[in-house]
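Colleague: just to be clear, the model below is a prediction. Sequence and coordinates:
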2 protein chains.
Amino acid sequence: MSILVVGSVALDSVETPFGKADDALGGSATFFSASASYFSPINVVGVVGSDFPHNELEFLKTRNVSLDGIKTEEGKTFRWGGKYHVDMNQRDTLFTALNVFEHFKPVIPGQYKNSEYVFLGNIAPTLQLDVLAQIDNPKLVALDTMNFWISGMKESLVEVIKKVDIILINDQEAKELTDKTNLVQAANAIFELGPQVVVIKKGEHGALLFTKQGIFSAPALPMETVCDPTGAGDSFAGGFIGYLAHNDVLKNGVLDESVLRKAMIYGSVMASFSIEDFSLEKLKDLSSEEISNRYIQFVELASF
Amino acid sequence: MSILVVGSVALDSVETPFGKADDALGGSATFFSASASYFSPINVVGVVGSDFPHNELEFLKTRNVSLDGIKTEEGKTFRWGGKYHVDMNQRDTLFTALNVFEHFKPVIPGQYKNSEYVFLGNIAPTLQLDVLAQIDNPKLVALDTMNFWISGMKESLVEVIKKVDIILINDQEAKELTDKTNLVQAANAIFELGPQVVVIKKGEHGALLFTKQGIFSAPALPMETVCDPTGAGDSFAGGFIGYLAHNDVLKNGVLDESVLRKAMIYGSVMASFSIEDFSLEKLKDLSSEEISNRYIQFVELASF
């Protein structure tokens, strides 16, 4: 099943205790696509500026990612700069320059409109609503968001959450969105809005899957060196939604719990690769053997 | 196999968003014993003041816990007061009154000296060393500690760590002890001191087991209401060491990895009960069915 993803395509400048990357490929749609492409065909919608080095996306084309929906606008590409501390769980945003992204109006190309799976990356909820209005009867819609939209555009965000099947959100954001201090209560409050599946990402502590059937706790792989955590959440989403689409999780209108759980692990697998190097470096050329070996590491990590 | 535990027996005054408890039964040895007694016979060594309500420990006697090693000294019992915030992961210590605990010199009764398993609860490392000097050739020794001893008595703490098989420590303390910011590096640094097993407790994020064979990630049960987290770490230790002793994890000089992993889950099971009520209330009278049903909940939580 093909996946339509709408999100940012950016140039990131990142400093970590392990080094620096300037104007390196980044953005939610980019990390998501690179990660999800190991599982399913991807159609990307986004915008870049006239300064964008299109050759850097070439590797995606070789992996069944259609870039026809990426529009080039006069001006500069969206840029983000951040610095991670020695404790990699903490980072400072040094700058956010929306540039061409500021007036981005996603237009879904005709050939993308029958995408069965849709991933609404972390962009303004009003744009996420725009995208949904352009899609013909998608089979499954998932959404990611961030604190910026929770505090600034909560009403639109709640409106779009009501229309999606799956929400991916981190622990702090889930609490903020629902005014709860407890994750089980937060997940239940989100269920009341409409989604059938709530995925709460906890960074180095793994991720929780909440469905009507129960809770699944996916561990994160403890790693000795984390080079750059940027994009880990979108890489997780890519592995997760990619696996759901590949296995068509929705059978006869029912979400397959076992596929959802395995998808959580594939999400964690892809996130664990993503943070091993700067930018998308590690996601460019993984073998299926590397992915399945990493999956086995997760099986060993969680078995008792 | 019987377990010798040395630690504090205290009266805690705790305030949480769910209520208050004044001078309620607490202390590392108490929580540990109540929890471990569901798995193995326990011998407790500790000290209380002349004001201690001994009848409150009576329930332990019915469960194969020997209290002969608890000495009553003239003076007041050790008291601790704390207040938990709406976010239960944060607490303020309101007061710590060591009282009779200040001059505690643990004396191991003769009939305890051949205990096969030893748990050195969170007390001064100098006292932990004293205890070890009094034991005849124990089969397995485990130790818990806290930031107070890491910053104040690091040299003695390292000395006792060198003599134990298993260390239980929380994530922040593991980083502090080893001057690492990464848990894998911290565990490896602790291995270099001597222990064969490092358990890193992460509160609501579960716990990690590090052995020479690999890493196991034990999830925590996401709970909708947490009444009082006090004693969760010691209840975890009780379930963990209790299960190890019950199954005699050390066979022909080799630690059984499968027993260690299941013990991590029993530790998590007992911690999950402990936090459901104030003080030791929930640990007083669990049925074996409640414990095995909770274990099954963990199996469902972690399966994929």
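Modeller: Received, thanks. Numbers count the residues shown, from 1 in each chain, chains lettered A, B, ... in the order given.
Colleague: A:Ser50 and A:Leu94, how far apart?
Modeller: 24 Å (C-beta to C-beta, to the nearest Å). C-beta: built from backbone N, CA, C; applies to glycine.
Colleague: let me see the contact set for the closest residue to A:Asn170 other than its chain neighbours.
Modeller: Spatially, and ignoring its direct neighbours in sequence, A:Asn170 is nearest to A:Lys201 (4.6 Å; C-beta to C-beta, 6 or more residues apart in numbering or on different chains). Residues in contact with A:Lys201 (C-beta atoms under 8 Å, 6 or more residues apart in numbering or on different chains) are A:Leu168, A:Ile169, A:Asn170, A:Asp171, A:Ala207, A:Gly233, A:Phe236.
Colleague: for A:Leu4, same thing?
Modeller: Per C-beta under 8 Å, 6+ apart, neighbours of A:Leu4: A:Asn43, A:Val45, A:Ile108, A:Tyr112, A:Ser115, A:Tyr117, A:Val118, A:Phe119, A:Ile135, A:Pro138.
Colleague: of those, which is the most crowded?
Modeller: Greatest neighbour count in the contacts of A:Leu4, by other C-beta atoms under 10 Å in any protein chain shown, goes to A:Phe119: 32 neighbours.
Colleague: which residues in the stretch 151-300 of chain A form strands?
Modeller: A:166-170, A:197-201, A:207-211, A:214-218, A:250-251, A:254-255 (DSSP state E, counting those that start in this stretch).
Colleague: tell me the mean pLDDT over the last one?
Modeller: Averaging the model's pLDDT scores along strand A:254-255 yields 94.
Colleague: what does the fifth one give?
Modeller: The average of the pLDDT scores along strand A:250-251 is 89.
Colleague: and the contacts of it?
Modeller: A:Lys139, A:Leu140, A:Asp256.
Colleague: chain A against chain B: which residues are in contact?
Modeller: A:86-88, A:181-185, A:188, A:202, A:205-206, A:208, A:214-220, A:222-226, A:258, A:261-262, A:264-265, A:300-304 (C-beta under 8 Å from any C-beta of the partner chain).
Colleague: buried members of those into PyMOL, please.
Modeller: Filtering the residues of chain A next to chain B down to the buried ones (16 or more other C-beta atoms under 10 Å in any protein chain shown) takes a single PyMOL command:
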select buried, chain A and resi 88+182+183+184+185+202+205+206+208+215+216+217+218+219+220+222+223+226+261+262+264+265+301+302+304
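Colleague: which of the residues of chain A next to chain B fall within helices?
Modeller: A:Leu183, A:Val184, A:Gln185, A:Asn188, A:Ser258, A:Arg261, A:Lys262, A:Met264, A:Ile265, A:Glu300, A:Leu301, A:Ala302 (DSSP state H).
Colleague: contacts only, for the closest residue to the fifth one other than its chain neighbours.
Modeller: By that I understand A:Ser258. Distances taken as C-beta to C-beta, 6+ apart put B:Phe304 closest to A:Ser258, at 7.6 Å, once the chain neighbours are dropped. Going by C-beta under 8 Å, 6+ apart, B:Phe304 touches A:Phe216, A:Ala218, A:Ser258, A:Arg261, A:Lys262, A:Met264, A:Ile265, A:Ala302.
Colleague: quick one: B:Phe304 from A:Val249, how far?
Modeller: When B:Phe304 is compared with A:Val249 (using C-beta to C-beta), they lie 14 Å apart.
Colleague: please name the nearest non-neighbouring residue to A:Ile161.
Modeller: Counting by C-beta to C-beta, 6+ apart, the residue nearest A:Ile161 is A:Leu193, at 4.9 Å.
Colleague: how near is that neighbour to A:Val249?
Modeller: The gap separating A:Leu193 from A:Val249 is 20 Å, by C-beta to C-beta.
Colleague: and the residue nearest the centre of chain A?
Modeller: A:Asp234 (2.7 Å; C-alpha atoms, centre = their mean).
Colleague: residues near A:Pro109, how many?
Modeller: Other residues close to A:Pro109 by other C-beta under 10 Å number 14.
Colleague: for the closest residue to it other than its chain neighbours, give me phi and psi.
Modeller: Setting aside the residues directly before and after it, A:Pro109 is nearest to A:Gly69 in space (C-beta to C-beta, 6+ apart), at 5.2 Å. Main-chain dihedrals, A:Gly69, degrees, to the nearest 10: phi -90, psi 0.
Colleague: show me what contacts A:Gly69?
Modeller: Neighbouring residues of A:Gly69 by C-beta under 8 Å, 6+ apart: A:Asn43, A:Val44, A:Val45, A:Gly46, A:Val107, A:Ile108, A:Pro109, A:Tyr112.
Colleague: and those, which of them are in strands?
Modeller: With DSSP state E as the criterion, strands contain A:Asn43, A:Val44, A:Val45, A:Gly46 from among the contacts of A:Gly69.
Colleague: I'd like those residues as CSV, with distance to B:Ser272 and pLDDT appended.
Modeller: CSV is the format used below for the ones in strands among the contacts of A:Gly69 (distance: C-beta to C-beta, whole Å; pLDDT from 0 to 100):
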residue, distance to B:Ser272, pLDDT
A:Asn43, 44, 97
A:Val44, 43, 98
A:Val45, 44, 97
A:Gly46, 44, 97
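Colleague: enumerate every residue touching the residue nearest to the centre of chain A.
Modeller: By C-beta under 8 Å, 6+ apart, the contact list for A:Asp234 reads A:Gly7, A:Ser28, A:Ala29, A:Thr30, A:Phe31, A:Phe32, A:Ser35, A:Gly121, A:Asn122, A:Asp144.
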